[in-house]
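Undergrad: take a look and give me a structure for this.
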Amino acid sequence: MLPQLPALFARAGLSQALIDSILQPQKIVKDDNLVHVLPPLQELENLSPESRAIIYTELANYPENEYHVDPVLIIGTSVDEWYRGSKLRPELIQKIKQLSYMRGETIAFSDIPALLNYAQSDSEARNIFKACTRTRNLMIRLMLDKTANADELIKYWSFGVGIRRKDLEPLIQSIIELDGVDDLGISHLLPALARKLLYTYPGLDMAKHGVMPDCHWTSLNFFNFEPHEYLLDARLATSQVLENFIPVEPPYIFGDVLFFLDNTTGDAFHSCVHLADNMVYTKNGRNILSPWVIMRLEDVKKIYLYKGNGRVQGFRRKDIAAEKTAQKGE
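TA: Next up is the predicted model:
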């Protein structure tokens, strides 16, 4: 790519003088098959949002660029609103605004290392990093009263095949029958592993196998009591889908795995689990900045379908699909 960088920077609208400055030999480090371009901080900060979007979209094609592949994403609001109450100094929030760019309909920020240059203390550096892990998340409660259809609710949330029914039935029945209690947090209805991980960030101990858990590990372990670590391997994860799942179309049900597929290659570049009403359980990225959360499917599409070259395809466990078919025939 090194010979192609002048053309990339020119397409991004950089002046020839700036291109010549960035590509000076003392600002380039070659490491095996990779090239590290190290522009001075001022040159990095002076990029326009439009130029930054073009260059960073290219950088996102390389897994080594962790914060370009999985940038901080600010969905449906402004930078100021996103960092309200974050304990960041106004100067730092302004710097984030300066270094942000648009990725589809979403504001993106990748320059965490540059922002850390402005930390005035070790504690402020930690606050910066903590603020950059902020993620939009839904806290969902199932509303129940004496008119609720307990049998339909239990059937839906127990995967439709009686799995975990013995655990869910007394819980849902007691909420319906108990005066003064009319809702139930959705986390109580999730399988054990998903319930444990929801609203948490991965610890460094989860990297013991050499890579951090990603979206596919998260989706395909959804039904498991303990995680199957072989699902960190993309080839084995693909085999799991082919052997145990079948493709399905909307409307999706609880436990359906939604794969985001490349229209050209058919490769899956993201996956999540449908819960209900187009709300999904997801981990958006392999790094430690990405927690396990519940989001609206539309917001996840804004993150992953911004290039316009992908689609969502649902997959359902074969045993659940067979049970659903049998129920329809009754």
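
Undergrad: what distance do you get for Val79 to Leu168?
TA: 42 Å (C-beta to C-beta, to the nearest Å). In short, each C-beta sits where N, CA and C put it, glycine included.

Undergrad: the more surrounded of the two?
TA: Leu168 (21 against 18; other C-beta atoms under 10 Å).

Undergrad: now for the helix or strand harbouring that one, which elements pack on it?
TA: Using DSSP states H and E, Leu168 falls within helix 165-177. Applying 3 or more C-beta pairs under 8 Å, 6 or more residues apart in numbering; DSSP states H and E, one finds that helix 165-177 makes contact with helix 150-157, strand 183-185.

Undergrad: list the buried residues of whatever helix or strand comes next after the shortest one.
TA: By that I understand strand 183-185. Note on strand 183-185: by DSSP H and E, the next helix or strand toward the C-terminus is helix 192-197. For helix 192-197, burial by neighbour count (16 or more other C-beta atoms under 10 Å) applies to 193-194, 197.

Undergrad: ok, and what's touching helix 192-197?
TA: Helix 192-197 is contacted from outside by 187-188, 218, 221-222, 224-227, 273, 281, 292, using C-beta atoms under 8 Å, 6 or more residues apart in numbering.

Undergrad: now distance to Ala10, pLDDT and neighbour count too, for those, in a markdown table please.
TA: As requested, those are exported to a markdown table (distance: C-beta to C-beta, whole Å; pLDDT from 0 to 100; neighbours: other C-beta atoms under 10 Å):
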| residue | distance to Ala10 | pLDDT | neighbour count |
| --- | --- | --- | --- |
| Ser187 | 51 | 90 | 15 |
| His188 | 56 | 90 | 15 |
| Thr218 | 40 | 96 | 25 |
| Asn221 | 45 | 95 | 22 |
| Phe222 | 46 | 95 | 19 |
| Asn224 | 50 | 90 | 13 |
| Phe225 | 55 | 89 | 9 |
| Glu226 | 52 | 92 | 8 |
| Pro227 | 47 | 92 | 17 |
| Val273 | 43 | 98 | 24 |
| Tyr281 | 43 | 98 | 22 |
| Trp292 | 41 | 96 | 21 |
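
Undergrad: between those, which is closest to Leu44?
TA: Taking C-beta to C-beta as the measure, Leu44 sits nearest to Trp292 out of the contacts of helix 192-197, at 32.1 Å.

Undergrad: wait, doesn't the closest one sit right on Tyr199?
TA: Yes - using C-beta atoms under 8 Å, Trp292 is in contact with Tyr199, at 7.0 Å.

Undergrad: pLDDT of the helix holding Leu168, averaged?
TA: Averaging pLDDT along helix 165-177 gives 85.

Undergrad: would you mind listing where this structure has pLDDT under the threshold?
TA: Low-confidence segments of the chain, defined by pLDDT under 70, are located at 159-164, 327-330.

Undergrad: about what we covered before: spit out the residues that contact Trp292 and Tyr199 alike.
TA: Joint contacts of Trp292 and Tyr199 (C-beta under 8 Å, 6+ apart) do not exist.

Undergrad: strands - which of the contacts of helix 192-197 land there?
TA: Counting by DSSP state E, the contacts of helix 192-197 place 273, 281, 292 in strands.

Undergrad: distance to Gln313 for those - can I get that in JSON lines?
TA: Shown next, in JSON lines, are the ones in strands among the contacts of helix 192-197 (distance: C-beta to C-beta, whole Å):
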{"residue": "Val273", "distance to Gln313": "14"}
{"residue": "Tyr281", "distance to Gln313": "17"}
{"residue": "Trp292", "distance to Gln313": "22"}
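
Undergrad: for those, which one is nearest Arg11?
TA: Trp292 (37.4 Å).

Undergrad: so who does the closest one touch?
TA: Trp292 neighbours (C-beta under 8 Å, 6+ apart): 194, 197-200, 218, 281-283.

Undergrad: ok, those residues vs Asp122, which is closest?
TA: Thr200 (24.6 Å).

Undergrad: surely Ile54 is in a helix?
TA: Yes - counting by DSSP: H, G, I helix; E, B strand; the rest coil, Ile54 is part of a helix.

Undergrad: helix, strand, or coil at the nearest residue to Arg103 once chain neighbours are set aside?
TA: Take Arg103 and drop its neighbours on the chain: the residue closest to it by C-beta to C-beta, 6 or more residues apart in numbering is Tyr306, 5.5 Å away. Using three-state DSSP, the structure places Tyr306 in coil.

Undergrad: ok, Tyr306 - contacts?
TA: Counted by C-beta under 8 Å, 6+ apart, Tyr306 has contacts 103-106.

Undergrad: same question for Ala131.
TA: Counted by C-beta under 8 Å, 6+ apart, Ala131 has contacts 83, 86-88.

Undergrad: the same query, at a cut-off of 10 Å, please.
TA: 72, 82-83, 85-88, 92-93, 96, 112, 115 (C-beta atoms under 10 Å, 6 or more residues apart in numbering).

Undergrad: what residues sit buried inside stretch 90-102?
TA: 92-93, 95-96, 98-101.

Undergrad: thanks a lot, see you next time.
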